[in-house]
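A.B. asks: here is a sequence with its predicted model. Questions after.
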Amino acid sequence: MSQSNWQELEKKLFLQTIKRVPVTLVRGKGSRVWDDQGREYLDFVGGWAVNNLGHCPPVVVKALQKQAAILIQTSSQFFTVPQIELAQLLVKHSCLDRVFFCNSGAEANEGAMKLARRYGKLRLNGAYEVITAHNSFHGRTLAMTAATGQSKFQEPYTPLPVGFINVEYNNIEAIKRATNEKTCAVALEPIQGEGGVNIPDDDYLRKVQSWCREKGILLILDEVQTGFGRTGTLFAYEQYGVEPDIMALAKGLGSGVPIGAFLAKEECSVFSLGEHGSTYGGNPLVCAAAHAALKYQIDHNIPAQAKRVGSYFLSKLGAVKQQFDLITDVRGRGLLIAVQLSQESADELLLACASRGLLVGRLKPNAVRFMPPLIITEKEVDKAVGTLKEALGEIGNPKP
Ligand SMILES: Cc1ncc(COP(=O)(O)O)c(C=O)c1O
């Protein structure tokens, strides 16, 4: 079947929730993917910050093949070894003590916020409100839509579940003003991904943490996008000198297999038996893959590589900005990078890049985002920047 036929079928068969790039991908290896016409692309979308080790990393493929032949799914009614091994690794390499496995980022945040509410009920006189930020993104479930401080995700679904207070990001006073006797937690992304790759002041999270401690409320960090080396350290909180009480994870955790998790400090691990659960969460297949991926990342210091190549990429993009009026800002940390445009040309730029063999992410109508595999090389960055310049040359005038 030809590429256009697949795409016509998709239009007929699917609830239309996303504007897809007209490329049908069939194969991937490392930082490259191929479409059903045999065309090759450099992938700087990385499955939306998931494919940290690239496509089909041998270490993950091997773990999946091995585990698939032994035990795939058991339910959480039983103990399984891959799940416990993965939890051990996560606890060893984070500041947290206990783990719950689920299947996605939205679910990880749901669980994290349920845990905070449980803590509020047991320890804070029934406090249940969670303060979150404008321009945040915590997932697509109904409750996480209320947590996500962006009206475009909220308005289609009102009335929303109560108990989520959205305040300005990077503004400690806004959090202080919103805190009252009903507050059980503050939940933030260390760097906002979907909301625009917004990097807060260096001391923002430290101030939030001290406020939470002063008030006895919990600090939840959503590291679904920033976790697993994306910003140059295994977790972004390490760069800000804070420790969350609860942390939500997904995306890079499985390097391609669907898995999420939330981790908690011992003091706030207050669930009792039966108070939370998941059929697939932490099944042996995904945990074996995630364990192999995480171990590889740690053993090979992939976060340091992301930091080095990310700085290189940012400096190259800074130079491109000097050459094109269309670019008004370049911002990012590690390999989470946004390019802001002076007009709503993101779709045009996406297509101009794709037609030249480079896949980039749409962030906003006037911004694109790069979240390549963390294993990309400086040479691949050079190639991507060269392609980006050609695409910009097609749609935007170079500076005189
Ligand atoms: C910070 C953050 N939290 C939560 C989510 C939701 O994750 P998922 O799509 O796996 O539910 C995302 C997805 O982009 C995210 O970036």
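C.D. replies: Received it, and whenever you're ready, just let me know what you need. Numbering: from 1, shown residues only.

A.B. asks: CA atoms for contacts and neighbours, from now on please.
C.D. replies: Will do.

A.B. asks: and the gap between the residue lying closest to Lys321 once chain neighbours are set aside and Lys389?
C.D. replies: Distances taken as C-alpha to C-alpha, 6 or more residues apart in numbering place Ile327 nearest to Lys321, at 5.3 Å, with adjacent residues excluded. To Lys389, Ile327 is 11 Å away according to C-alpha to C-alpha, to the nearest Å.

A.B. asks: what score does Asn5 have for pLDDT?
C.D. replies: On pLDDT, Asn5 comes in at 92.

A.B. asks: elements contacting the helix or strand hosting Ala63?
C.D. replies: Secondary structure assignment for Ala63, by DSSP states H and E: helix 58-68. For helix 58-68, the elements it packs on are helix 284-299, judged by 3 or more C-alpha pairs under 8 Å, 6 or more residues apart in numbering; DSSP states H and E.

A.B. asks: circling back to that earlier point, count of neighbours near the residue nearest to Lys321?
C.D. replies: By the criterion of other C-alpha atoms under 10 Å, Ile327 has 21 neighbours.

A.B. asks: give me the longest helix you can find in this structure.
C.D. replies: The single longest helix within the chain, with elements called by DSSP state H, is helix 302-323.

A.B. asks: which residues in the stretch 1-150 of the chain form helices?
C.D. replies: Using DSSP state H, counting those that start in this stretch, the helices found in the stretch 1-150 of the chain span residues 3-13, 46-49, 58-68, 81-92, 105-123, 142-147.

A.B. asks: dump the fifth one to CSV, keeping only the CA atoms.
C.D. replies: Right, helix 105-123. Only the C-alpha atoms of helix 105-123 are listed here, as CSV (Å, rounded to 0.1, in the frame of the first residue of the first chain):
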residue,chain,number,x,y,z
GLY,A,105,3.2,10.1,32.1
ALA,A,106,-0.4,11.2,32.7
GLU,A,107,-0.9,8.1,34.9
ALA,A,108,2.4,8.8,36.8
ASN,A,109,1.2,12.3,37.6
GLU,A,110,-2.3,11.1,38.5
GLY,A,111,-0.8,8.6,41.0
ALA,A,112,1.6,11.3,42.3
MET,A,113,-1.2,13.7,43.0
LYS,A,114,-3.4,10.9,44.5
LEU,A,115,-0.6,10.2,46.9
ALA,A,116,-0.4,13.9,47.8
ARG,A,117,-4.1,13.9,48.4
ARG,A,118,-3.8,10.8,50.6
TYR,A,119,-1.0,12.5,52.5
GLY,A,120,-3.3,15.6,52.9
LYS,A,121,-6.1,13.5,54.2
LEU,A,122,-3.9,11.6,56.7
ARG,A,123,-1.5,14.3,57.8
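
A.B. asks: who touches it?
C.D. replies: 101-102, 126-130, 138-141, 143-144, 183-185, 218, 220, 222, 224, 246-251, 260-263, 268-271, 276 (C-alpha atoms under 8 Å, 6 or more residues apart in numbering).

A.B. asks: run the chain-centre distance for that helix.
C.D. replies: 19 Å (C-alpha atoms, centre = their mean, to the nearest Å).

A.B. asks: identify the residues contacting stretch 350-369?
C.D. replies: Under C-alpha under 8 Å, 6+ apart, the answer for stretch 350-369 is 21, 39-45, 48, 194, 196, 336-347, 370-371, 384, 387-388, 391-392, 394-395.

A.B. asks: for it, what does the pLDDT average out to?
C.D. replies: 97.

A.B. asks: stretch 171-185 too?
C.D. replies: Mean predicted confidence for stretch 171-185 is 98.
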